Structure formats: C-alpha cells, structure tokens
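**Student:** give me a model of this one.
(chains A and B)
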Amino acid sequence: MIDFFDSPSNRELVLSQLGEHIYLALLPLLLGVLVALPLGRLAQQVRWSRGVLQGGANILYTIPSLALFVLIPGLLGTPLLSSINVIIALTLYTAALLVRPVRDALDSVPANVVAAATAMGYRPGRRWLTVELPLAVPVLAAAVRVASVSNISLVSVGALVGIGGLGRLFTDGFQRDYPEQIVIGIALTLLLALVVDLLLVALWRVSTPWARAGVSRA
Amino acid sequence: MIGELITWLTDPAHWTGPSGILAQTLLHLYYCVFSVVVASAVAVPLGVYIGHTGRGAVFVVGISNAMRALPTLGLVTLLVLWFGLGTGPALAGLVILAIPAILSGTYAGIRNAPADAVDAAKGMGMTSAQRLWQVELPTALPLVFGGVRSAMLQVVATAAVAAYVGLGGLGRILLDGLKISDYAQMASAAIVIAVLAVLLDLVLAGATRLLVPRGLVLAARRGGKD
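**Tutor:** Numbers count the residues shown, from 1 in each chain, chains lettered A, B, ... in the order given. Now for the predicted structure:
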C-alpha cells in the first residue's frame, strides 16, 4: 500500500480528489445551514408551516443520492456532468436534516432570556442573531455533525455521474483492478469525516464560551 | 427535457421484458428485502442481547458512528474486487451496510425501555427473559422499526449504486442510460428509484403503526408527545 504513494501521478490524483471532496462536502454543509436557519425559524413561528416543512424534508431525505444527482439537471437545466448538481443535492439533504433540529434548538432557548433581551430593547432581527441563535448552538451542533458525516460519505456517489472527489479512487481503482487504491479512498474518507467532526466540535466550543464558564443557564 | 422523459416513461417497450422497468424494479425490491431481512436476523438478536445485558454498548455506538461515514461505493467496489464479480459480494455489501442502523435502533430501543416499567416487572417477580419478552421488546418496537426504516432507505440507495459493479435492478437502467448519454432513460430510472424509496418507507411506517402495541401508542398520546 505504501508503494501506491511512490508514484507521483497517484499522489497527485489522491491530493486533487481529496481537495475536490472537501469542497464538495463542506460548501453544501455551509449552504444547507444557511437555508435551514430561516426555514427552521419559520417552522418554529408559523404553526401550519411545520407539517409542510417537516413532511417535505422527510420525503427529500428519502430520495437516494444517485437519483437526486440525476434528477437535478433535468429540473434546473444544469449540465449533467457538472459538480453544481452534487452541491445542490447535498445542500438540500443538509437543509432537510437540519430543519427540525433548528426548530428544536430555537425552542430550547429559555423564554425568560428572550423576554429579557426584548426588554433591553433588542429588535427581533438582532435578538434572533445575537441572543437566540448563539444559545441554540449546542442543540444544533449535534445535527450539523451528522450532516457533515453524511455529506462526506455521499460525495463519492457523484463519481458514478462523473463528478470528482474521493469516489474517483473507487471507480478508477475498480477499473484498474487495484483494491489498494479503494482502501486508501475509504481510509481517507473516514479520516476526513473524523477531522471535520473534530473541527466542528472545536468550533462549537469556541462559539459557546459560556458553556465552559461554569455558569448555570437553568 | 420533461417531454422526452414522459415519452420514455410511457413507452410500453421500456416497461416489459427482462431488462424493462418492471423486471428491474422487482429485482431491486428483492435485493432490498433480502438484505434487510438478513441484516435484521443478525442485528436484532445482537442488539437485544447488548441492550438487555449492557455488554458491548461502546462497540455498538462506535460501529454505528463509524459506518455512517463509510462510503458505500468504496465498500461495494472493494468487496467485488476481493471476492469476484457476481451478485453475492454486492449483496454482502448491502447486508453489511444495513446492519448498523438496525443494531443501534434495537439497542437504543431496549436501553430506553421505561425504567419504572422494568422495575415494576422485576417487583412482580418476572424473570429476566419474561421482562425482555413482555416489557422491553414491546416498548422497543418503535425504535427497532426506526432502525429498519433507515436501513431500508440506505439499501435502496446502495443497490442503485451497486449497479456499477454489475448488480441488476434500477441502477442498471440508470447507468446504462449514462453510458449512451440518454438522459430520458437515466432520469426515468432515477424517478422510479425515488418513488420506490418513498413507497418502501411508507410501507414500513404503516407496518410500525400496525405492530406497535396499542397501549404504547395511547401512553405516548397521553404523555403529550407528538
């Protein structure tokens, strides 16, 4: 397996596909969070939208990734072999996974804290951004971690429709009858998921300094 | 593009015959049901044992987390390179992927059996086996089925991917369409895959409703959970 990295072309293949994979998994994660925040807020505030959003999210998440990668170009007119399809599909999955946790996370913010912020003269927009959202981070963090792992695993399916990423190591390794290359691809995928997960945990800790200050929120 | 799609989907020639949509859907369905049944036969008893005894809990949590990141395409291509082309290795991959979801669902279900109910059963003098069969297992059913549902979704998706290593089913139609750049064929197969996934999920949701004990449903309703 060490021999694999002796060849410069192999090294280059792995590095470029790893970079592509990171981009294709993490950009949708960010976009998905940005989409889910207002939708979760809507589900929290407007009662009738709850069922529609949750039902829609459930159905969307049920659709297999390969099918979604193929259906998006037809629906949106994007080129079939473009990585934009993977980005859109994974953004949709992330948002679908996060709508409910965003709602739960916002629900978990103590009402008296919100009332205190209102009394201090915070307008709804600023209150949401600077008080409610930060306090919702701990509940939200768990769901974002699940979404990141799910994205990192799903990007490789894109290799079947010609999109880059570590999935290339699987299709290429399969065609060349080269199991070592596939093992390296799997190991790198797992490693990437682990590293991103650790980074998210670190990000979560940095963004919730009060959780470490020992001050009880109850 | 939508027009081409409808033309392709409504052409009877594409539905019949050994490589038509009907036959491939049945094949797809067979792979999925077979894999989930085999995975359940392994994972449910194991999950019950681990949940009931508390042994190996770290193992279950660890394996189900790690498996979530395991790329399915990598697993099936590797299995086929190691064990040769054919349905066997690809199906083995589907079974392996289905196990963690069912295992962790069963384990969590047994673990989350209400402590007061288990204590009451103990107080009434029930043996360990009686508690398991009459208290823990019935209350675990919703989570067990939750695990089976997510395993089924993953298997439907992976069976489509496994067409790349020679498995039949709807993924075959999709990837053949890709090879000849026939978008209508690819999209038609993708639609049928999506519909199959949604329908299977609905069937399992219905089965959950039918099989979960009525007392449990009533208790949940009274508890105000939605």
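
**Student:** all the helices of chain B, residue numbers only.
**Tutor:** Assigned by DSSP state H, the helices in chain B fall at B:2-10, B:21-53, B:57-69, B:72-83, B:87-111, B:115-123, B:128-131, B:137-161, B:170-179, B:183-211, B:214-222.

**Student:** for the longest one, buried residues please.
**Tutor:** With burial defined by 16 or more other CB atoms under 10 Å in any protein chain shown, the residues of helix B:21-53 counted as buried are B:21, B:24-25, B:27-29, B:31-32, B:35-36, B:38-40, B:43-44, B:46-52. In this view, the C-beta of every residue, glycine as well, is placed from N, C-alpha and C.

**Student:** again, but for the shortest one
**Tutor:** If you call a residue buried by 16+ other CB under 10 Å, then helix B:128-131 has these buried ones: residue B:131.

**Student:** with the third one instead?
**Tutor:** Applying a neighbour-count criterion of 16+ other CB under 10 Å, the buried positions in helix B:57-69 are B:60, B:64, B:65, B:67, B:68, B:69.

**Student:** ok, back up a step: mean pLDDT lowest where, among the helices of chain B?
**Tutor:** When the helices of chain B are compared on mean pLDDT, helix B:214-222 scores lowest, with a mean of 71.

**Student:** looking at chain A, which helix or strand is least sure?
**Tutor:** Ranked by mean pLDDT, DSSP states H and E, the weakest helix or strand in chain A is helix A:124-127, scoring a mean of 88.

**Student:** so how far is whichever helix or strand comes after that helix from its chain's centroid?
**Tutor:** Remark: after helix A:124-127, the chain's next helix or strand is helix A:133-154, criterion DSSP states H and E. In this view, helix A:133-154 has its centroid 7 Å away from the chain centroid, taken as CA atoms, centre = their mean, to the nearest Å.

**Student:** low-confidence ranges in chain A?
**Tutor:** A:1-2, A:214-218 (pLDDT under 70).

**Student:** now with 80?
**Tutor:** Applying pLDDT under 80 to chain A flags the ranges A:1-4, A:211-218.

**Student:** one step back: okay if I get the helices of chain B as JSON lines plus distance to chain A?
**Tutor:** Shown next, in JSON lines, are the helices of chain B (distance: least, CB to the nearest CB, whole Å):
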{"stretch": "helix B:2-10", "distance to chain A": "7"}
{"stretch": "helix B:21-53", "distance to chain A": "11"}
{"stretch": "helix B:57-69", "distance to chain A": "4"}
{"stretch": "helix B:72-83", "distance to chain A": "4"}
{"stretch": "helix B:87-111", "distance to chain A": "11"}
{"stretch": "helix B:115-123", "distance to chain A": "23"}
{"stretch": "helix B:128-131", "distance to chain A": "31"}
{"stretch": "helix B:137-161", "distance to chain A": "3"}
{"stretch": "helix B:170-179", "distance to chain A": "6"}
{"stretch": "helix B:183-211", "distance to chain A": "4"}
{"stretch": "helix B:214-222", "distance to chain A": "17"}
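
**Student:** in chain A, which spans are helices?
**Tutor:** Taking DSSP H as the criterion, chain A carries its helices at A:8-45, A:47-62, A:65-76, A:84-107, A:111-119, A:124-127, A:133-154, A:167-175, A:179-207.

**Student:** for residue B:101, which of the ones you listed is the nearest?
**Tutor:** Residue B:101 sits nearest to helix A:133-154 of all these, at 12.6 Å, using CB to CB.

**Student:** what packs against that closest one?
**Tutor:** Secondary-structure packing of helix A:133-154 (3 or more CB pairs under 8 Å, 6 or more residues apart in numbering or on different chains; DSSP states H and E): helix A:8-45, helix A:84-107, helix A:179-207, helix B:57-69.

**Student:** deepest-packed of those, please.
**Tutor:** Stretch with highest mean neighbour count among those: helix A:84-107 (a mean of 22; mean count of other CB atoms under 10 Å in any protein chain shown).

**Student:** let's see it as PDB, backbone CA atoms only.
**Tutor:** Coordinates of each C-alpha in helix A:84-107 appear next as PDB, following Å, rounded to 0.1, in the frame of the first residue of the first chain:
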ATOM      1  CA  ILE A  84     -23.100  22.000  -9.200                       C
ATOM      2  CA  ASN A  85     -25.700  19.100  -9.100                       C
ATOM      3  CA  VAL A  86     -23.900  17.500  -6.300                       C
ATOM      4  CA  ILE A  87     -23.600  20.800  -4.400                       C
ATOM      5  CA  ILE A  88     -27.300  21.400  -4.800                       C
ATOM      6  CA  ALA A  89     -28.300  17.900  -3.900                       C
ATOM      7  CA  LEU A  90     -26.200  17.900  -0.700                       C
ATOM      8  CA  THR A  91     -27.400  21.300   0.200                       C
ATOM      9  CA  LEU A  92     -30.900  20.000   0.000                       C
ATOM     10  CA  TYR A  93     -30.100  17.000   2.100                       C
ATOM     11  CA  THR A  94     -28.300  19.100   4.800                       C
ATOM     12  CA  ALA A  95     -31.200  21.500   4.900                       C
ATOM     13  CA  ALA A  96     -33.700  18.600   5.200                       C
ATOM     14  CA  LEU A  97     -31.700  17.100   8.000                       C
ATOM     15  CA  LEU A  98     -31.500  20.400   9.900                       C
ATOM     16  CA  VAL A  99     -35.000  21.900   9.700                       C
ATOM     17  CA  ARG A 100     -36.200  20.000  12.700                       C
ATOM     18  CA  PRO A 101     -33.100  20.500  14.800                       C
ATOM     19  CA  VAL A 102     -33.100  24.200  14.100                       C
ATOM     20  CA  ARG A 103     -36.700  24.400  15.300                       C
ATOM     21  CA  ASP A 104     -35.900  22.300  18.400                       C
ATOM     22  CA  ALA A 105     -32.800  24.300  19.100                       C
ATOM     23  CA  LEU A 106     -34.700  27.600  18.900                       C
ATOM     24  CA  ASP A 107     -37.400  26.100  21.100                       C
END
